[in-house]
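Participant: quick one: sequence plus predicted model below, questions after.
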Amino acid sequence: MALTLLLADDHRIVRQGLRAILAAEPDFQLVGEAGDGHEALRLLEQLQPAVMVLDLMLPGLSGLEVARAAAARAPETRVVVLSMHANESYVTEALAAGASGYVLKDASAAELVKAIREAAAGRRYLSPPLSEQALTAYARRAASAPLDPYHTLTAREREVLQLTADGHSGAEIGRRLFISPRTVESHRANLMRKLSLRNQKELVRYAVERGRATS
Amino acid sequence: MSDGDGRPAEAARVTDILESITDAFLALDRDGRFTYVNRQAEIALRKTRAELLGHNVWEKFPESVGTPFQRNYEAARAAGEVVHYEEYYGPLKAWFEVHIYPAPEGHFVYFRDVTGRKMAEERLRALTHRLLEVQEQERRHLARELHDEVGEVLTGLNFALQACACVPAEEVPARLAQAQELVRDLSSRVRDLSLRLRPTMLDDLGLVPALLWLFERYTAPTGVRVSFEHDGAGRRFPADVETAAYRIVQEALTNVARHARAAEAVVRLWADAAALGVQVEDEGSGFDPASVPPGATGGLSGMQERVTLLGGRLEIASRPGGGTRLTAELPLGSGRKGEADGTDAAAGR
């Protein structure tokens, strides 16, 4: 049975080159070509190919968006992304968007063919030098490291926090720091927002605990 | 309104008007003595009318004798025409816009303090100048890189392809493979060049992937490790905010590598509905923020401009030997323009 293919890339020369590569495989059958994201999605829905070869940087609707939409519009179609970006962030995004394969644009023809066959068989394929290890390492770096909101306070906000906790009024703090009471109020509102404190009592408790922790 | 000396009501009304306007107004007699000073003029000149009325202007302001203020006044007196000028007055550290009108008993002087506008113009001029300089520098750099990095490989590619036509048929595949290797090298160099100008991740994927890429590129040549903490910043923000945050981190890290002599920098990124915050902290050598002149070209003022343009706040906390912590907050959503009153951006400087 023929392996049906849809090609989506905005550069005619690239499509021409890809067509030549795919034509060399007797069981491949190119059923459509798209030059932008919207056309790609339309043809995808209409043709329901086995595999879509998708440029990541399509005009109109980006390749990532097409890949995301593909899951709903053509659930049987596997997506092989063609990209000039070897950076793990792109690979991670593409895989998260539902792509099965990720092939660099300067990879060899054999790699693209291999990626298409692997994808059609329901397996993941990353063209070298991309690797699963690199993706895991990237995921670790990208993971939200815990952030202590106290660090996000500016020096002014720290002063206002301390003086407020010590029981000084806005006007007193303003006089000490040579700023207007309104500015003090704005600092206090900012720091309470950052620390997720709702009222004066919580603020004082926070400052005391913080002071105990650091002294 | 002290001159309620039985003048007609109309004159009183004129006086009321002059007292209520937000510009400064004063009248001088033919000998240059103050005959009227409105409230705003008192504020602008930092003297009360009791100090001024009846006294000669050049006796009260001897520092201005020989300055354009006196010269323009003399010119107005000699020509009997309206004179308009803007001038900096050193003793009061202020810019004034002045109109001198000939009047029956002397001159009316209508003026206002335009220091705020002048300073904004000056900042804008300095910024434009700096932008042009940076742009030119980048172009020079880019031109050289294009020449060195790309031109060289293209020359090699040309030779490799030419050779294909001259060598025996059985050697052609090897030559083509060589040419292909060059093309691959070339495309990676072009990609690299383009990423260094502006990382595409910033547009395609957002701030966190772009920063991760930046850190990777930063640590290798500088030896400075980056520890990254973020909270709520994994989503997309307005393009100008993302760009500003990225460039601020980039600039701050460049400063760490250049000046701080630190082994590690911490980058923090956080966001809620109201603002996106970035912070770059190191435990390096630090500096005295007060010693950086406000108009200094270089990283800090560029960062300040970026933050100010978005209505945000920038704080640099540092002292010699005590490391540096740079914090920038950029308003988001509804707070974006209205936040302007919270712009006590100078707070930490």
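Facilitator: The structure has been received and is ready for your questions.
Participant: show me which positions of stretch B:97-109 end up buried.
Facilitator: B:97-100, B:106-109 (16 or more other CB atoms under 10 Å in any protein chain shown). Yep, even glycine has a C-beta here, placed from its N, CA and C like the rest.
Participant: average model confidence for the strand or helix carrying residue B:217?
Facilitator: Per DSSP states H and E, residue B:217 falls inside helix B:207-222. Per-residue pLDDT over helix B:207-222 has a mean of 91.
Participant: helices or strands up against it?
Facilitator: helix A:88-96, helix A:132-142, helix B:200-204, strand B:225-231, helix B:239-255, strand B:264-271 (3 or more CB pairs under 8 Å, 6 or more residues apart in numbering or on different chains; DSSP states H and E).
Participant: low-confidence ranges in the stretch 1-150 of chain B?
Facilitator: By pLDDT under 70, the low-scoring segments of the stretch 1-150 of chain B are B:1-7.
Participant: now do the strands in it.
Facilitator: B:24-29, B:34-37, B:83-89, B:94-103, B:106-113 (DSSP state E, counting those that start in this stretch).
Participant: since we're on residue B:152, how many residues are nearby?
Facilitator: 12 (other CB atoms under 10 Å in any protein chain shown).
Participant: right, I mislabeled it, should have said residue B:208
Facilitator: For residue B:208, using other CB under 10 Å, the count is 19.
Participant: just the element for the residue nearest to it when sequence neighbours are not counted, please.
Facilitator: The spatially closest residue to residue B:208, leaving aside those adjacent along the chain, is residue B:234, at 5.4 Å (CB to CB, 6 or more residues apart in numbering or on different chains). Using DSSP H and E, residue B:234 sits within no helix or strand.
Participant: could I get the buried residues of stretch B:97-109 in a markdown table, plus columns for distance to residue A:124?
Facilitator: Output for those, formatted as a markdown table (distance: CB to CB, whole Å):
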| residue | distance to residue A:124 |
| --- | --- |
| B:97 | 70 |
| B:98 | 76 |
| B:99 | 77 |
| B:100 | 81 |
| B:106 | 91 |
| B:107 | 86 |
| B:108 | 84 |
| B:109 | 81 |
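Participant: mind picking the two most distant members of these?
Facilitator: B:97 and B:106 (20.6 Å; CB to CB).
Participant: tell me the contacts of residue B:279?
Facilitator: A:151-152, B:266-269, B:325-328 (CB atoms under 8 Å, 6 or more residues apart in numbering or on different chains).
Participant: check residue A:172 too.
Facilitator: residue A:163.
Participant: residue closest to the middle of chain B?
Facilitator: residue B:305 (3.1 Å; CA atoms, centre = their mean).
Participant: around chain A, pick out the residues from the stretch 51-200 of chain B.
Facilitator: Counting by CB under 8 Å from any CB of the partner chain, the stretch 51-200 of chain B comes close to chain A at B:183-184, B:187-188, B:191, B:200.
Participant: looking at chain B, which residue is nearest chain A?
Facilitator: At 3.5 Å from chain A, residue B:209 is the closest residue in chain B, using CB to the nearest CB.
Participant: separation between the residue most central in space within chain A and residue A:55?
Facilitator: Closest to where the C-alpha atoms of chain A average out (CA atoms, centre = their mean) is residue A:93, at 4.9 Å. The spacing between residue A:93 and residue A:55, counted by CB to CB, to the nearest Å, is 14 Å.
Participant: quick one on the thing from earlier: now the residue of chain B closest to chain A, nearest residue through space, not along the chain?
Facilitator: In space, residue B:209 is closest to residue A:89, 3.5 Å off (CB to CB, 6+ apart).
Participant: and that neighbour, how many neighbours?
Facilitator: A count of nearby residues for residue A:89, using other CB under 10 Å, gives 23.
Participant: repeat that for the one 3 residues further on.
Facilitator: Residue A:92 is flanked by 18 other residues according to other CB under 10 Å.
Participant: okay, helices next: where are they in the chain?
Facilitator: Here I'm looking at chain A. Remark: helices assigned in chain A by DSSP state H are A:12-23, A:37-47, A:63-73, A:88-96, A:109-120, A:132-142, A:155-165, A:170-177, A:181-195, A:200-214.
Participant: let's do chain B instead
Facilitator: B:9-20, B:39-45, B:49-52, B:57-60, B:68-79, B:115-145, B:152-166, B:172-197, B:200-204, B:207-222, B:239-255, B:299-309, B:335-338.
Participant: can you pull the buried residues of the first one?
Facilitator: Translated: helix B:9-20. B:15, B:18.
Participant: is stretch A:8-20 positioned near chain B?
Facilitator: No. In terms of CB under 8 Å from any CB, no part of stretch A:8-20 sits within range of chain B; the closest distance is 12.3 Å.
Participant: OK, contacts around residue 115?
Facilitator: The chain I'm using is chain A. With CB under 8 Å, 6+ apart, residue A:115 has these contacts: A:80, A:101-103, A:125, A:127.
Participant: you answered for a different chain; I wanted chain B.
Facilitator: B:93-95.
Participant: 7 Å - rerun?
Facilitator: B:94-95 (CB atoms under 7 Å, 6 or more residues apart in numbering or on different chains).
Participant: kindly report the same for the one 5 residues further on.
Facilitator: Residue B:120 makes contact with no residue under the criterion CB under 7 Å, 6+ apart.
Participant: now do residue A:161
Facilitator: Residue A:161 neighbours (CB under 7 Å, 6+ apart): A:153, A:191, A:207.
Participant: so can I have JSON lines of those showing distance to chain B?
Facilitator: Formatted as JSON lines, the contacts of residue A:161 follow (distance: CB to the nearest CB, whole Å):
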{"residue": "A:153", "distance to chain B": "8"}
{"residue": "A:191", "distance to chain B": "12"}
{"residue": "A:207", "distance to chain B": "19"}
